[in-house]
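Q: Dropping the sequence and predicted coords here.
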Amino acid sequence: MTTIPSLSDLRMSHDPAGRGYHAVYREHEVNHCPGCGRTHWLIGRMSAECAFCSTALPLAEASMRSHNSPAVIVHRNRQAPAWAA
């Protein structure tokens, strides 16, 4: 069985800025798909998927959330009164 070398074994340091381009889906911005260039997305809880070529991107807001506390869902229109039909 082979082992995977760690960064210290390879004499490399952890440098997030040096890793290069990291595509994420950003809410309230125009997001072009890195696969096909289109802008139609299917948004989930943790990722967004291009509606044309199925390229998946992580949500920027989901990756910034702390996982130590439970998720709190707040609706965008919570200040508006709820009207029954």
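A: Perfect, I can see it now.
Q: C-alpha only now, for contacts and for neighbours.
A: Noted.
Q: Please pull out the lowest mean pLDDT helix or strand from the chain.
A: Ranked by mean pLDDT, DSSP states H and E, the weakest helix or strand in the chain is helix 60-64, scoring a mean of 74.
Q: for this structure, which spans come out with low pLDDT?
A: 1, 7, 12-20, 63-85 (pLDDT under 70).
Q: again, only using 80
A: The chain contains residues with pLDDT under 80 at 1-22, 62-85.
Q: can you map out the strands along it?
A: With strands called from DSSP state E, the chain shows them at 41-43, 47-50, 56-58.
Q: which residues are in contact with the longest one?
A: Contacts of strand 47-50 from elsewhere in the structure, counted by Cα atoms under 8 Å, 6 or more residues apart in numbering, are 25, 33, 38-43, 55-59, 62.
Q: Kindly report the same for the first one.
A: Where contact means Cα under 8 Å, 6+ apart, the residues beyond strand 41-43 that reach it are 48-51.
Q: Put the buried members of these into a ChimeraX selection.
A: The buried residues among those can be selected in ChimeraX (16 or more other Cα atoms under 10 Å) with this line:
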select :48,49,50
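Q: and the contacts of strand 41-43 as TSV, adding distance to Leu10?
A: Converted to TSV, those look like this (distance: Cα to Cα, whole Å):
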residue	distance to Leu10
Ala48	34
Glu49	35
Cys50	36
Ala51	40
